[in-house]
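# okay, predicted coordinates and the sequence, questions at the end:
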Amino acid sequence: AQTVTQSQPEMSVQEAETVTLSCTYDTSESDYYLFWYKQPPSRQMILVIRQEAYKQQNATENRFSVNFQKAAKSFSLKISDSQLGDAAMYFCAYRRGGATNKLIFGTGTLLAVQP
Amino acid sequence: NAGVTQTPKFQVLKTGQSMTLQCAQDMNHNSMYWYRQDPGMGLRLIYYSASEGTTDKGEVPNGYNVSRLNKREFSLRLESAAPSQTSVYFCASRGDRVGTEAFFGQGTRLTVV
C-alpha cells in the first residue's frame, strides 16, 4: 500500500526567509503524481503545486518550488520569501496514475510565519 | 463558480442520531470523494465514487454509507453517530484528465456528543 510521511508536525520561519517542508512516500508504481496542498484557518484545501513522476524537472509556482528525488521517494516543498499569508497547514499527497485513483495524504505540517 | 459545495458547514449530533452530509459539484467531474480530517492524522478516505452509480470503500468506511445520487451529488450518511465520528469532513471531486487536481469543498465540522 502506498503511504505518505511528513515527519515535521510543526515548522516556523521568519517573514522573508526560506523554509523547506519534507515529505517522503512509498510506492512501487512508476506512474503517479505528487501534490502539496495548503489549508489555512478557513479550512479550504488549496492546491499549491503538482509534480508528475515522469517529469525530471522540479515544478515551480512563483515562490513555491519542489525538490523531487524519485529514487529516494522524497518530495519537499520550498517556500521562498515567506509571507504572513503562508501560515497554514501543508499536506503532501500522492495519487497513482489513472482516472479513478484517490489521493493519499500525509499527516500535515503546521507552518508558522513570524513577523 | 461554485465548485464543490458541502452542507451543512457545522453540525452537532447526539450519540445515536443519524444525519446526511450533502455534497454537490458543478464541474461535470466523474470522480467524487469523502474524507475525514482528524488532528495528527491528515485526511483519510472514507468512500469514493469513480462515476455515477458506483461507490467503493476507502481507508475508514465503518459507520458510514454513501449514495452517488447523480453525477453532481455524492452524499455521506451516518446511521448512528458515535463520538469517534467527531471530525471535519471534506468532499472532493476530480475530472478524468490525466494529472488533474482534486477540488475540495469547505468542509463540515461535525461534533458528536
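Perfect, I can see it now.
# what segments of chain A are strands?
A:3-5, A:10-14, A:19-21, A:24-26, A:32-39, A:46-52, A:60-61, A:64-69, A:74-79, A:88-96, A:104-105, A:109-114 (DSSP state E).
# contact residues of chain B facing chain A?
Residues of chain B found near chain A (CB under 8 Å from any CB of the partner chain) are B:30-31, B:33, B:35, B:40-45, B:48, B:50-51, B:58, B:88, B:90, B:92, B:96, B:98-99, B:101-102, B:104, B:106-107, B:109. Placement of C-beta: from N, CA and C, glycine included.
# hmm, try it at 6 Å
Residues of chain B lying near chain A by CB under 6 Å from any CB of the partner chain: B:31, B:33, B:40-43, B:45, B:48, B:50, B:96, B:99, B:101-102, B:104, B:106-107.
# now, which of these sits nearest A:Lys78?
Closest approach between the residues of chain B next to chain A and A:Lys78, by CB to CB: B:Glu101, at 19.9 Å.
# okay, now the closest one: neighbour count?
Other residues within reach of B:Glu101, judged by other CB atoms under 10 Å in any protein chain shown, total 18.
# mind checking how far the residue of chain A most remote from its centre is from A:Ile79?
Distance from the C-alpha centroid of chain A peaks at A:Pro115, with 23.1 Å (CA atoms, centre = their mean). Going from A:Pro115 to A:Ile79 by CB to CB, to the nearest Å gives 16 Å.
# hmm, A:Thr27 is touching A:Thr3, no?
No: between A:Thr27 and A:Thr3 there is no contact under CB atoms under 6 Å: 8.2 Å.
# more neighbours, those two?
Neighbour totals were compared for A:Thr27 and A:Thr3, and A:Thr27 leads with 17 against 11 (other CB under 10 Å).
# and for A:Gln8, nearest residue in space, chain neighbours not counted?
A:Thr109 (4.8 Å; CB to CB, 6 or more residues apart in numbering or on different chains).
# need the pLDDT of the residue positioned nearest the centre of chain B.
Centroid-nearest residue in chain B, with CA atoms, centre = their mean: B:Trp34, separated by 2.9 Å. Per-residue confidence (pLDDT) for B:Trp34: 97.
# quick check: the residue nearest the centre of chain A vs chain B, distance?
Chain A has A:Trp36 as the residue nearest its centroid, 3.1 Å off, counting by CA atoms, centre = their mean. Distance, A:Trp36 to chain B, using CB to the nearest CB, to the nearest Å: 11 Å.
# surely that residue touches A:Arg50?
No: under the criterion of CB under 6 Å, A:Trp36 makes no contact with A:Arg50, lying 8.1 Å away.
# give the contact list for A:Glu61.
A:Glu61 sits next to A:Ile49 when contact means CB atoms under 6 Å, 6 or more residues apart in numbering or on different chains.
# buried stuff in stretch A:72-91?
A:73, A:75-79, A:82, A:86-91 (16 or more other CB atoms under 10 Å in any protein chain shown).
# likewise stretch A:34-45?
Within stretch A:34-45, the residues that count as buried by 16+ other CB under 10 Å are A:34-39, A:43, A:45.
# quick revisit: adding mean pLDDT, write the strands of chain A out as JSON lines.
Formatted as JSON lines, those follow (pLDDT from 0 to 100):
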{"stretch": "strand A:3-5", "mean pLDDT": "94"}
{"stretch": "strand A:10-14", "mean pLDDT": "97"}
{"stretch": "strand A:19-21", "mean pLDDT": "98"}
{"stretch": "strand A:24-26", "mean pLDDT": "97"}
{"stretch": "strand A:32-39", "mean pLDDT": "95"}
{"stretch": "strand A:46-52", "mean pLDDT": "94"}
{"stretch": "strand A:60-61", "mean pLDDT": "94"}
{"stretch": "strand A:64-69", "mean pLDDT": "97"}
{"stretch": "strand A:74-79", "mean pLDDT": "98"}
{"stretch": "strand A:88-96", "mean pLDDT": "95"}
{"stretch": "strand A:104-105", "mean pLDDT": "93"}
{"stretch": "strand A:109-114", "mean pLDDT": "97"}
